[in-house]
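**Q** Please find the sequence and the predicted model below.
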Amino acid sequence: PDSRIRRAVGVRMNYKTGKESALNVGLRYYWDSWEVNSLTTSVLFQQRLGAVITIGVGIRNYLQSRAFFFKDRYAAPERFMTVDTKLDESFSNDYQLKLSLNGGRLRGVPLLSDENLQLNIQLDFYQRHSATPDWHSRYKDLYAYIFSFGVRYRF
């Protein structure tokens, strides 16, 4: 198709579950003119362990329908053809572990002696499954470990 109209609506909620803990919940629905519909849900629980450390554990789930013109196989040339599995039916799960370290409390540790600094570390295990194999690898399933490291500075 020459054009694609995309729409999405979402909602996020942060709920304080205790004096030092919170639950973050998210929901997003997507739809477009190619009849791709998706639903993303996420839940993250975070617990503060004193003034320095905050830990979190969460899961993100994604479900998607296929585009109206996507086919597993094409017997003959058609008006719209693709091998892009991102337009096929699929789902993914992302399992998260988070660690935040707030600066200002650990005077002997480089970087963390500055109270305006925060270190954020995240480890994710990602799993994606599509109904048809990927065109280049011929796999239906993708697994990945993702390591993220960030520095936040409050001016």
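**A** Structure's in. What do you need? Everything numeric in this text was worked out from a predicted model, so none of it was measured.

**Q** pLDDT below threshold where in the chain?
**A** 107 (pLDDT under 70).

**Q** give me that answer again for 80
**A** 105-113 (pLDDT under 80).

**Q** can you give me the strands in it?
**A** For the chain, the strands defined by DSSP state E cover 6-18, 21-32, 37-49, 53-64, 90-102, 117-130, 141-153.

**Q** Among the ones you listed, which comes closest to Pro77?
**A** Closest to Pro77 of those is strand 117-130 (CB to CB; 23.3 Å). Backbone N, C-alpha and C define where each C-beta goes, glycine included.

**Q** ok, that closest one: who's next to it in the sheet?
**A** Strand 117-130 pairs in its sheet with strand 90-102 (antiparallel), strand 141-153 (antiparallel), by DSSP bridges.

**Q** can you list contacts of it?
**A** Contact with strand 117-130 is made by 85, 88-104, 111-112, 140-154, as judged by CB atoms under 8 Å, 6 or more residues apart in numbering.

**Q** rewinding a little: quickly compare the strands paired with strand 117-130 and say which is most buried.
**A** strand 90-102 (a mean of 16; mean count of other CB atoms under 10 Å).
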